[in-house]
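sequence and predicted structure are below.
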Number of protein chains: 2
Amino acid sequence: MPPRHDVADLVSRARAGEARSVARLISLVEAESPALREVSAALAGHTGRAQVIGLTGAPGVGKSTTTSALVTAMRRQGRTVGVLAVDPSSPFTGGALLGDRIRMEEHATDRGVYVRSMASRGHLGGLSWAAPHAIRVLDAAGCDVVLVETVGVGQSEVEVAGLADTAVVLLAPGMGDGIQAAKAGILEIGDVFCVNKADRDGAATTRRELRTMLSMTQRTDDAWTPPIVLTVATTGEGVDDLVSALDEHHAHQQASGALERRRRARLRREVEQIALAEVSRRFELGRRDRLEELAEDVLAGRTDPFTAADELLAATPDGQGGTLGRAFTDRAADSGTTEPC
Amino acid sequence: MPPRHDVADLVSRARAGEARSVARLISLVEAESPALREVSAALAGHTGRAQVIGLTGAPGVGKSTTTSALVTAMRRQGRTVGVLAVDPSSPFTGGALLGDRIRMEEHATDRGVYVRSMASRGHLGGLSWAAPHAIRVLDAAGCDVVLVETVGVGQSEVEVAGLADTAVVLLAPGMGDGIQAAKAGILEIGDVFCVNKADRDGAATTRRELRTMLSMTQRTDDAWTPPIVLTVATTGEGVDDLVSALDEHHAHQQASGALERRRRARLRREVEQIALAEVSRRFELGRRDRLEELAEDVLAGRTDPFTAADELLAATPDGQGGTLGRAFTDRAADSGTTEPC
């Protein structure tokens, strides 16, 4: 881990566009190192410029190919692009798959593109919690656009929508009927829908079904009607239309104030999550043995989970670090003097 | 909501196998009503008999059909079956889809089968937290087997594994290659794998790929080699083999002590989650305004999320309910007198 002054230096270099420093900073946030706090503090005031786009969709719809095609199209327009591929669905492996790391090879020599894979850190049920920090690093490094691509469907899609200014939902013909899309909960979160592999049979049907289902869906932002774009990412067909749709949504959000509202809501959630994670961390210290006993009691039918939870909460010994309330205050008080290791 | 004495009565009636009381109890736990605590307490000591089987897999593999075929096969053996269909992926709609509610029609008149759909209650990133309670209701009601089926893939699969004694992962030929399965994180969690739609082209290939990938996967329970069963759920082909594989896993777990270990770990997580949910709930009270201000500060670049989280934690006013530490104690103290509404 770098000494304190190095973090400021890394941020300066990253802001000047030095790829090695960007990589270093993302590694620091990804490792949840003690330096993460410092990186976060050093980035304050240098972010908020990038257009953050989330891409999501079921395995097989062509997310990687579409991401790559978007990079090509945006680079042609002279925009710099950061790509973050997050794999939230594999808490057990703890490392991004090789496939993710190599698939953007074609952009490897382009200095206007930065590609990074991140594995989930096992933050149950969610995207890597380092993702928002990594997005901020790319933002501060001057990326005009940050593309966040996730692996997996379901809840992670909803979370991508939470991370991004614009959420793109990818579908492909024949990947399942409308009710499956509805089940996956994607109708409410997509700002732009993209039917990829549109050269296959059924693309028009998929678009029509999607249109019908969208018309029946209650969206938060009523002023925006999500467009449906047809693409063939492998050939680049329709990709410029997709870029246009993304830019239209961005412009609409800026004009309506929805962008600021969304970003504020995002930060509210993030601050709250960091605080709650700290609460949980403190809470878990020193309670393992008692929890083990209580689980045994529930298993044996001597008590129920709620009563056991009450007992767990009541079991905070005042001797070891005091009440949780005090723990918060301690943490807040010493946070200014945390030394990176 | 029923008065207190009715909960005990409902549990008695449910234990005697009265379907209406089972339905009522599940509604009480699903609604997270104040009676949930009472239901939970009344069930203590009456659970642990049922074999809990989780079914998971991507949309389109035939989960519903396979569940239904399993019910048919198990009923033929004279076993009573409870089915819980959980939809964790649609936090926005707040209601199970009609499709789930009607698809088990064929078992509707069988008194040895109880079918229930549950929507997620928006518990971010997860299965409905009412699911374990609903499983216990079905268990106490005398179901020999409880089948838990989830909609969606990714994280929810991992959570199903956490809920069940035996986790079945369904696949279908041509639903994507091996790397997609690996990405979805399903290799580590499946106790039994089922290649459904095995009359389609590619079933043998899917089985072979799966076998290869499983051989490279590190599993927690090394003593068990997950079998791969081929089924055609629509015709019932292979379904008896699937039932046998499920029973073999159950017997293996009982003999090795893994069943008790898994159940204890499950209860540990559940007790901890209830306790943490209570911490979060208390934590959120009275802090909304401050959080709003802090998010605004981060948005404006005046501070960063970690410093903001520290300030949020330090902002607990001692006047309104005291420190969180005290809040726990209060909660534990008054939990015995909670009146259902």
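Structure received. If you're wondering where the values come from, they're calculated on a predicted model, not measured in any experiment.

for the rest of this, base every contact and every neighbour count on C-alpha atoms.
OK.

now do A:A258 against chain B, distance only.
14 Å (Cα to the nearest Cα, to the nearest Å).

do stretch A:191-211 and chain B meet?
No: on the criterion Cα under 8 Å from any Cα of the partner chain, stretch A:191-211 is out of touch with chain B, staying 14.8 Å away.

since we're on A:D6, how many residues are nearby?
Around A:D6 there are 12 other residues, counting by other Cα atoms under 10 Å in any protein chain shown.

which SSE is it in?
Using DSSP states H and E, A:D6 maps to helix A:4-15.

what comes up buried for that helix?
By neighbour count on 16 or more other Cα atoms under 10 Å in any protein chain shown, the buried set for helix A:4-15 is A:V7, A:A8, A:L10, A:V11, A:S12, A:R13, A:A14, A:R15.

any weak-confidence spans in the stretch 51-200 of chain A?
Within the stretch 51-200 of chain A, the ranges that satisfy pLDDT under 70 run A:87-110, A:119-128, A:151-158, A:175-185.

residue boundaries of the helices in it?
With helices called from DSSP state H, counting those that start in this stretch, the stretch 51-200 of chain A shows them at A:63-76, A:98-102, A:131-140, A:155-163, A:178-183.

will you turn the buried residues of helix A:4-15 into a markdown table that also has distance to chain B and pLDDT?
Listed next are the buried residues of helix A:4-15 as a markdown table, based on distance: Cα to the nearest Cα, whole Å; pLDDT from 0 to 100:
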| residue | distance to chain B | pLDDT |
| --- | --- | --- |
| A:V7 | 15 | 91 |
| A:A8 | 14 | 91 |
| A:L10 | 17 | 93 |
| A:V11 | 14 | 94 |
| A:S12 | 16 | 94 |
| A:R13 | 19 | 93 |
| A:A14 | 18 | 92 |
| A:R15 | 15 | 92 |
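
most widely separated two among those residues?
Greatest spatial distance in those: A:V7 and A:R15, 12.1 Å, computed using Cα to Cα.

OK, contacts around the residue lying farthest from the centre of chain A?
Of all residues in chain A, A:R302 has its C-alpha farthest from the mean position, at 42.1 Å, by Cα atoms, centre = their mean. The contact partners of A:R302, by Cα atoms under 8 Å, 6 or more residues apart in numbering or on different chains, come to B:A44, B:G45.

measure it to A:L242 for me?
59 Å (Cα to Cα, to the nearest Å).

ok, now A:R268?
Remark: distance between A:R268 and A:L242 (Cα to Cα) = 30 Å.

and the angle from the helix holding A:D6 to helix A:131-140?
60 degrees (axes from the mean of the first three to the mean of the last three Cα atoms, to 10 degrees).

helices and strands around helix A:4-15, which ones?
When contacts are defined as 3 or more Cα pairs under 8 Å, 6 or more residues apart in numbering or on different chains; DSSP states H and E, helix A:4-15 packs onto helix A:19-30, helix A:35-43, helix A:131-140.

mean confidence score for the second one?
Spelled out, that is helix A:35-43. For helix A:35-43, mean pLDDT rounds to 88.

how far does it sit from the chain's center?
Its chain's average C-alpha position is 18 Å from that of helix A:35-43, according to Cα atoms, centre = their mean, to the nearest Å.

next: stretch A:31-40.
The answer for stretch A:31-40 is 17 Å, by Cα atoms, centre = their mean.

quick one: the strands in the stretch 201-341 of chain A?
For the stretch 201-341 of chain A, the strands defined by DSSP state E, counting those that start in this stretch occupy A:228-230.

now for the closest residue to A:A134 other than its chain neighbours: which residues touch it?
Distances taken as Cα to Cα, 6 or more residues apart in numbering or on different chains place A:I26 nearest to A:A134, at 5.4 Å, with adjacent residues excluded. Applying Cα under 8 Å, 6+ apart, we find A:I26 in contact with A:H133, A:A134, A:V137.

neighbours around the spatially closest residue to A:G112 that is not a sequence neighbour, how many?
Residue nearest to A:G112 in three dimensions, not counting chain neighbours: A:T80, with 4.8 Å by Cα to Cα, 6+ apart. Neighbour count for A:T80, taken as other Cα under 10 Å: 20.

and the residue lying closest to A:V115 once chain neighbours are set aside, how far from B:A300?
Counting by Cα to Cα, 6+ apart, A:V83 is the residue found nearest to A:V115 once chain neighbours are left out, at 4.6 Å. Distance of A:V83 to B:A300, given as Cα to Cα: 24 Å.

more neighbours: which of those two?
Per other Cα under 10 Å, whichever of A:V83 and B:A300 has more neighbours is A:V83, with 25 against 16.

who's the more buried one bridged to?
Assessed by DSSP bridges, A:V83 has beta-bridge partners A:V115, A:L147.

just the closest residue of the stretch 201-341 of chain A to chain B, please.
Residue of the stretch 201-341 of chain A nearest chain B, by Cα to the nearest Cα: A:G301 (3.8 Å).

alright, I will stop here.
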